[in-house]
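Asks: For reference, the sequence and a predicted model appear below.
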Amino acid sequence: MQRIFRYLAGASRGASLKLLLRYSKGHWKTILAGLAFAVVNQGFLMVDPLIFRRIIDEYGVQLQQHTREQFFMGVAPWLVAMLFAAFAAWVAKGWQIEMVSRFSQKASSRMFADGVRHSLELAYAEFEQRRSGEILELLQKVRGEVERFLSMAVNNTFTSMVGVALVTVYAATVHKGIAVFVLLIAPSLAGMSVLLTRKVKQVHESMWREGSELAGSATETLRNIELVKSLGLTRQEVANYRRASDRILNLELQKIRMARRFSFLHGAGVHLLRIALILALFYLLSTRQITVGQFFALYLYSFFVFGPMQDFGNVVRQYREMEVSLAKFRTFMAGAGESRVSSAPAIRRLSTLQFRGVTFRYRTAHVSAIADVSFEVDRGETIAFVGPSGAGKSTLVKLIVGLYTPSSGEILYNGTESSAVDLEQLRERVGLVTQDIQLFSGTIRQNLKFVCPEASDEDCLAALRQAAAGAMLARAPNGLDSLIGESGLRLSGGERQRLAIARALLRRPDLLVFDEATSSLDSLTEEEIGVAIRLATADSSVMTILIAHRLSTVLDADRIYVLDRGRIVQTGTHAELVDAAGLYRSIWMQQVGGDPDRDAAEVARRAVR
């Protein structure tokens with residue numbers, strides 16, 4: 001059986017069929033069981049017309065030769081046999097459906113799981129070009145359509161093939177002309193189905209495109225529901241969805257019209273061929289080439305051929321629709337994933353980080369976001385990067401944690417070039433606090449343990465205290481079990497920031513990165529968070545990198561690098577940079593209101609913009 005599938009996969013020109021066969025590997029026993037039960041089901045169903053033929057020929061047309069008792073005594077065993085055959089066919093059908101459902105659900109679930117795994121393994125630069133809603137819509141469509149098609153392919157197409165084969169064998173024993181006629185019918189109807197469904201794929205592709213766009217847009221709107229409601233944009237968004245839904249509805253109606261025409265033409269063809277078969281049977285009966293029982297048997301057997309052939313068109317139409325999703329799935333799975341190093345040295349402790357002439361340019365950009373940047377940080381040191389908006393600070397963070405690959409230059413972790421490092425293992429040694437806090441719907445405990453599942457409640461409480469989040473926890477109605485809502489909607493900006501800092505500290509990282517951690521806070525909260533950051537960075541075993549536009553949070557850094565248009569234009573301590581003329585002094589003077597000697601606390605109170 002495996003040889004047959006391998007042969008089909010090699011001979012088939014359809015990439016979709018090859019993909020389906022690839023995901024069928026490992027399920028041969030289930031597939032064979034489903035096919036075997038389909039054969040048994042069809043075999044027992046074939047018994048009914050044979051018994052009916054025997055009753056007609058031996059008793060129905062010879063009533064005058066039998067008494068009533070003889071008639072019923074002769075017919076009764078055949079009726080019992082018919083009942084037994086029907087029961088056996090029903091049991092086999094049930095097992096067939098279970099085996100096919102098990103196989104189709106396993107194959108489609110594996111495809112869905114592979115899609116989720118690949119989406120998480122995509123290179124960040126590749127992933128950020130897509131909408132998360134579109135990816136989920138694609139994977140759900142692929143899963144559903146593959147499951148439906150595989151079920152229909154076995155329950156309908158294979159069953160039809162078995163029925164046609166058995167009917168042909170029986171017809172050959174009655175009249176060879178009927179057998180030839182049946183053999184010609186099946187490929188003719190299959191070819192007609194393929195031709196009539198060619199345009200279904202084009203319409204479904206348009207529907208898929210519109211549906212994915214709508215799903216992506218809806219996901220983004222719901223994610224930013226606070227902004228939508230606050231600005232009174234609900235009606236505008238509803239109107240946008242209605243217009244998109246109307247476009248999808250029009251495509252659905254177009255597909256329904258096509259399906260109606262297809263159903264009419266296909267059904268007309270099926271019935272014409274069936275009438276032709278019945279006419280041939282009447283001719284053979286009138287010329288006494290077949291008996292009355294054989295006529296009725298072949299008439300009943302025609303339902304085994306034409307009934308499934310009528311449904312075969314639906315299978316072809318489902319395959320056309322599935323092709324669109326599988327094509328999108330193949331394109332998605334071809335997206336570049338993060339490079340993995342099989343023999344990468346284990347990183348048990350991150351002690352040094354070095355940038356050597358690192359340059360990075362976005363795909364569509366004409367200038368580099370980061371240009372010839374070099375620096376080094378060792379354990380126990382705190383360095384900071386400051387500069388105006390667009391200077392390249394956030395890009396630098398993504399380079400530090402390996403989300404971007406340098407266009408040129410080297411990034412070294414413990415002296416090892418980044419291309420030779422297992423980035424997933426490296427990131428386990430990093431604690432990150434970003435400007436846009438990423439929290440999850442659930443409890444405080446669940447958000448903390450997201451980065452460290454093995455952490456105890458004592459560890460969580462200690463991290464919260466270190467992040468100056470004791471007041472937040474005291475106000476929480478259920479302590480660590482308090483729900484915070486999706487993206488932390490039930491928390492203030494400062495509370496979200498403190499929770500993010502506590503989460504970063506919980507995993508006891510070797511490298512702490514604060515990316516604009518106070519930029520969206522008021523002055524008092526900024527001062528409190530600044531205290532939390534200084535407490536977090538006091539550990540001499542941790543490397544700390546501060547990214548900031550406001551200078552109040554970087555005053556105690558061992559070294560400050562000033563970025564402008566992607567380049568380092570100044571380096572030094574706060575005091576050195578304030579004394580020197582340059583960009584840093586200009587930013588500082590702006591934030592302190594022209595008084596270069598104002599202390600950090602005062603700066604924090606005046607920093608809100």
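Replies: Arrived safely, thanks for sending. Residues are numbered from 1 along each chain as shown.
Asks: tell me the contacts of residue 53?
Replies: Listed by CB atoms under 8 Å, 6 or more residues apart in numbering, the contact set of residue 53 reads 291, 293, 294, 296, 297. For glycine as for every other residue, the C-beta is placed from the backbone atoms N, C-alpha and C.
Asks: okay but residue 578 is in contact with residue 584, surely?
Replies: Yes: taking contacts as CB atoms under 8 Å, residue 578 lies within contact range of residue 584: 7.1 Å.
Asks: okay, the two: which has more neighbours?
Replies: Neighbour count, other CB atoms under 10 Å: between residue 578 and residue 584, residue 584 has more, with 25 against 18.
Asks: which element is the most centrally placed residue in the chain on?
Replies: Centroid check for the chain by CA atoms, centre = their mean gives residue 139 as the closest residue, at 3.8 Å. Assigned by DSSP states H and E, residue 139 belongs to helix 132-152.
Asks: What is that helix packed up against?
Replies: Other helices and strands packing on helix 132-152, by 3 or more CB pairs under 8 Å, 6 or more residues apart in numbering; DSSP states H and E, are helix 15-24, helix 68-121, helix 198-223, helix 292-333.
Asks: mean confidence for the last one?
Replies: Regarding helix 292-333, the rounded mean pLDDT is 79.
Asks: neighbouring contacts of the very next helix or strand once past it?
Replies: Following helix 292-333 in sequence order, the next helix or strand is strand 352-360 (DSSP H and E). Strand 352-360 is touched from outside by 368-379, 395, 399-400, 404, 406-415, 511, 543, with contacts defined as CB under 8 Å, 6+ apart.
Asks: Poorly predicted segments of the stretch 501-609 of the chain, please.
Replies: Low-confidence segments of the stretch 501-609 of the chain (pLDDT under 70): 517-540, 593-609.
Asks: mind listing the helices for it?
Replies: Counting by DSSP state H, counting those that start in this stretch, the stretch 501-609 of the chain has helices at residues 523-536, 574-579, 583-591, 600-606.
Asks: cool, the stretch 151-300 of the chain as well?
Replies: Under the criterion DSSP H, counting those that start in this stretch, the stretch 151-300 of the chain contains helices at 159-174, 176-196, 198-223, 225-230, 234-286, 292-333.
Asks: quick one: average confidence on the second one?
Replies: Spelled out, that is helix 176-196. Computed over helix 176-196, the average pLDDT equals 74.
Asks: Pull the distance from the host helix or strand of residue 500 to the chain's centre.
Replies: Following DSSP H and E, one finds residue 500 within helix 493-506. Its chain's average C-alpha position is 30 Å from that of helix 493-506, according to CA atoms, centre = their mean, to the nearest Å.
Asks: Please give the number of neighbouring residues around residue 40.
Replies: Neighbours of residue 40 (other CB under 10 Å): 18.
Asks: Where does it sit: helix, strand or coil?
Replies: State at residue 40, reduced to three classes by DSSP: H, G, I helix; E, B strand; the rest coil: helix.
Asks: how close does it get to residue 46?
Replies: 11 Å (CB to CB, to the nearest Å).
Asks: next one: residue 109
Replies: Distance from residue 109 to residue 46, by CB to CB: 35 Å.
Asks: who's more crowded, these two?
Replies: residue 46 (21 against 14).
Asks: same question for the helix or strand where the more buried one lies, mean pLDDT?
Replies: Assigned by DSSP H and E, residue 46 belongs to helix 28-58. Average pLDDT, helix 28-58: 84.
Asks: In it, which residues are buried?
Replies: Going by neighbour count (16 or more other CB atoms under 10 Å), the buried part of helix 28-58 is 30-31, 33-35, 37-57.
Asks: residue contacts, the residue nearest to the centre of the chain?
Replies: 112, 115, 116, 119, 329.
Asks: 7 Å - rerun?
Replies: 112, 115, 116 (CB atoms under 7 Å, 6 or more residues apart in numbering).
Asks: out of these, which is most surrounded?
Replies: With neighbours taken as other CB under 10 Å, the top of those is residue 115, carrying 20 neighbours.
Asks: State the distance from that one to residue 104.
Replies: Residue 115 sits at a distance of 17 Å from residue 104 (criterion: CB to CB).
Asks: now residue 465
Replies: 53 Å.
Asks: more crowded one of these two?
Replies: Using other CB under 10 Å as the criterion, residue 465 and residue 104 rank with residue 104 on top: 25 against 15.
Asks: Excluding residues flanking it in the chain, which one is nearest residue 411?
Replies: If the residues on either side of it in the chain are set aside, residue 411 comes closest to residue 418, at 4.3 Å by CB to CB, 6 or more residues apart in numbering.
Asks: and that neighbour, how many neighbours does it have?
Replies: Residue 418 has 19 nearby residues by other CB under 10 Å.
Asks: give me every residue that touches residue 442.
Replies: Contacts of residue 442 by CB under 7 Å, 6+ apart are residue 483.
Asks: Quick check: it vs residue 476, distance?
Replies: As judged by CB to CB, residue 442 and residue 476 stand 13 Å apart.
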